[in-house]
Structure formats: structure tokens, C-alpha cells
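Undergrad: Build the 3D model from these lines:
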Amino acid sequence: MTLTVYHRHPKMETLFAKYFKIGLVVSAYWLISITMVFTNKYLLSSPDLKLNAPMFVTWYQCVVTAILCIILRFLAKLFPNSFSFPSTEIDLKLSRSVLPLSIIFVSMITCNNLCLKFVGVAFYYVGRSLSTVFNVAFSYLILKQATSCKALACCGIIISGFLLGVNQEGAAGSLSIAGVVFGVAASASVALNSIFTKKVLPLLDNNVWRLTYYNNLNAIVLFMPLMLLFGEVPEVINFPKLWDPTFWLYMNVGGVFGFAIGYVTGLQIQITSPLTHNISGTAKACAQTVIACVYYKDIKPLLWWVSNAVVLGGSGAYTEVKRNEMKQQHQAAVSQLAKNIEDGNDEIPAKS
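TA: Residues are numbered from 1 along each chain as shown. Alright, predicted model coming up:
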């Protein structure tokens, strides 16, 4: 009997390894993001805990993130050949420069968590789905950047899906006005955070981890008066499960996953593309909604699902429109550069 051995072509093996890595990173992004949402929902509004201290929960997650940054910096010093991490020495002048962004950052994570506290996980994506719309509005008002009619049409689709979702939540008797208000505020904060991040990053050598560290350090300080103002200190002190290991397990999981989502998001963009990341995020939101409905045994009417589909479709269409616009701008810049070279001028055309 003859044994035939088939050898895999090296290029095929490389391609398999590439797709395996992409699948691994996308799976990690989905797992971390969805787990973080469900963990935060448990911490913020579980009837088992009955802890009415959303600022404390969010503050502790910032503490965990800052501590993890310090640990990673320490490990980077011990193993400099394995990986690197920026300095965690505190520069007060730099901290003050980052403070305006940190205020927006605190608003963003607070409103995100308060939205999640008052609405179900299934409605969470729709409840804070206006980030794209606010991003377009603030880009025009702050950066004076115009938006194409196609992109504006996509924003109109997202708004209609959001309004239909709110209407269907009301019809089902599960609408939380506070949750919707915090969802809209979270969407606005996310858009502002994105715009101000672009302005502040150059101050930190365009290092996202340094920005993460300073943002969370500032947030730790900013949350303290907020916890006092909203009366959360006695709430936490008198919390019956304050020394329960299970409670702190959830708190630490929420903190670690909150830190990890920043890394895995950047990694997903790095090994795929911003467009693929947005598609992955949209698909993740769809899966998260379905999982939430199954887990919490929520029966939703057809129009409620239509509202989700409209928001997802509008968001996906907006991503595709912006991709095509960026592609056209790139091609125009390349063509202009080629023309300049032919004319004896090799200067790169300035961005409009």
C-alpha cells in the first residue's frame, strides 16, 4: 500500500494563518464587548445586587484601568524585548492639558452606564445609536467639515430607526425616558470624545495608551465629587454585599474588560481596516441584541425588530458611503500628485 503525502503550499498556509488571526481577534472583540455590556448591566441594575451607585461602579473601572497601565509599564521595563508601554509618570501640566477631553470622557462613560442602567441590553444599541448623527453635526459646527447628501440621508435613516425603536419600546410598556435621554447624551458625548481625541492625541505623542492613562487618572479625581453629590458614598458603605467576593469578581471583570476593549478595538482595526471594524461592530450589536432577548426572555414585536434593522442598515450604509468618499479623495490626490510630477512640481497636494 502506498501512502501519499500532500504538502500544503506555503502561501496557502500563510493565508490560513492570516484569516485565523483575524477570526481570533474579531471573536475576542465580540466576546469582550458583549461580556462587558452584560457585566455592567448586572452591576448597574441587577435585582440581586440592588446597588444604586452607577458613579461608583464607573469610578472603580477607571481605577482598574489606571492600575493595569501601571502594571503593564512595570512589565515593559522588566521585559523590554517582549513589548513596550509608555511612561506612567504623572506630568501635571500634561494632565491639565488633557482635562477638557477627560470631562467629555467622564460624561461619555457616565451616560453610557446610566443608559444601560435604565434600558434593557436589547434596546441599548438603539438607545445610543445617534453617535454617527452627532458626529456629523459636531464635525460641521466645530471642525467646519461639510457632509455629503448621501451621508446625511444615512443619518436620516438612523434617526428614523431610533424614533421607531423608542416608539416600540413605549408600545411594549418598557420605555424609560431617563434611559433614552442618557442614551442621546451618551451618543453626543461619544461624538465629542472622538473629535477632541484627535486634537489632544498630538500632545501625547499620538500614543493612545498615554491618553488612556491620563484620561482615567483625571476621571478618578472627577468622579469623586460626583459620587458625593449624588449621595453614593453612604449607599456604598451600607451596601450589604460590599465584602462579597462575587460582587468584586464582577467589578474586576468589568474593569479589566473595559480596559481590554480599547486594546482589542485598536487591534481589530490594525489587522483588518476601519471599515471592517465598523461592520464587525454592527454585526456584534445585532448578535448582542438577539442574545439579550434570548437571555432575558424578551418577546419583541415585528416593528421593534424593524427599528433595529433600520438603525443597523443606516449605520452600515453610512460606513460604506464614507469609505467610497475616502477612496475617491485618495484617488483624486494621487491623480493630482501625478499631474504635479508631470508638470515638474512634486509637492503633495494639501488635504481639503
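Undergrad: from here on, contacts and neighbour counts on C-alpha atoms
TA: OK.
Undergrad: what comes into contact with stretch 198-208?
TA: Stretch 198-208 has contacts (Cα atoms under 8 Å, 6 or more residues apart in numbering) with 86, 94, 97-98, 101, 210-211.
Undergrad: Quick check on those residues: which are buried?
TA: 86, 98, 101, 210-211 (16 or more other Cα atoms under 10 Å).
Undergrad: Just those: which are in helices?
TA: Cross-referencing the buried ones among the contacts of stretch 198-208 against helices under DSSP state H gives 98, 101, 210-211.
Undergrad: What is the most widely separated pair among these?
TA: Spatial extent of these (Cα to Cα) is set by the pair Leu101 and Arg210 at 13.3 Å.
Undergrad: Which residue ranges of the stretch 251-352 of the chain form helices?
TA: With DSSP state H, counting those that start in this stretch, the ranges of helices along the stretch 251-352 of the chain come out as 274-295, 302-342.
Undergrad: Contacts for the shortest one, please.
TA: Outside helix 274-295, the residues within contact range by Cα under 8 Å, 6+ apart are 26, 30, 34, 121-123, 125, 265, 268-269, 298-300, 308, 312, 315-316, 319-320, 323.
Undergrad: export that helix as CSV, just CAs?
TA: Extracted in CSV, the C-alpha atoms of helix 274-295 (Å, rounded to 0.1, in the frame of the first residue of the first chain):
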residue,chain,number,x,y,z
PRO,A,274,-11.7,50.8,9.9
LEU,A,275,-14.5,49.7,7.6
THR,A,276,-14.2,46.0,8.6
HIS,A,277,-14.2,47.2,12.3
ASN,A,278,-17.4,49.1,11.8
ILE,A,279,-19.0,46.2,10.1
SER,A,280,-17.9,43.9,12.9
GLY,A,281,-19.3,46.3,15.4
THR,A,282,-22.6,46.5,13.6
ALA,A,283,-22.8,42.7,13.4
LYS,A,284,-21.8,42.5,17.1
ALA,A,285,-24.6,44.8,18.1
CYS,A,286,-27.1,42.6,16.2
ALA,A,287,-25.8,39.5,17.9
GLN,A,288,-25.8,41.3,21.3
THR,A,289,-29.5,42.2,20.8
VAL,A,290,-30.5,38.7,19.9
ILE,A,291,-28.5,37.2,22.9
ALA,A,292,-30.2,39.7,25.2
CYS,A,293,-33.7,38.9,24.0
VAL,A,294,-33.0,35.1,24.5
TYR,A,295,-31.2,35.6,27.9
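Undergrad: Identify each buried residue in that helix, please.
TA: So for helix 274-295, counting by 16+ other Cα under 10 Å, buried means 274, 277-282, 284-286, 288-289, 292-293.
Undergrad: Let me know the angle separating that helix from helix 302-342.
TA: 170 degrees (axes from the mean of the first three to the mean of the last three Cα atoms, to 10 degrees).
Undergrad: Tell me the backbone dihedrals of Asp153, please.
TA: You called it Asp, but residue 153 is Ala. Note on Ala153: backbone dihedrals following degrees, to the nearest 10 are phi -60, psi -40.
Undergrad: which one of the buried residues of helix 274-295 is nearest Asn112?
TA: Nearest to Asn112 among the buried residues of helix 274-295: Ala285, at 14.9 Å, using Cα to Cα.
Undergrad: Pull the residues that contact stretch 129-138.
TA: For stretch 129-138, contacts defined as Cα under 8 Å, 6+ apart pick out 147, 155, 158-159, 162, 183-184, 186-188, 190-192, 195, 311, 315.
Undergrad: In helices only, show me those.
TA: With DSSP H as the criterion, helices contain 155, 158-159, 162, 183-184, 186-188, 190-192, 195, 311, 315 from among the contacts of stretch 129-138.
Undergrad: Quick check: Ile220 touching Gln61?
TA: No - Ile220 lies out of contact with Gln61 (Cα atoms under 8 Å); the separation is 9.2 Å.
Undergrad: higher neighbour count, those two?
TA: Applying other Cα atoms under 10 Å to Ile220 and Gln61 shows that Gln61 carries more neighbours, namely 23 against 20.
Undergrad: From Met36, how far off is the more buried one?
TA: Gln61 sits 11 Å away from Met36, going by Cα to Cα, to the nearest Å.
Undergrad: Good, wrapping up.
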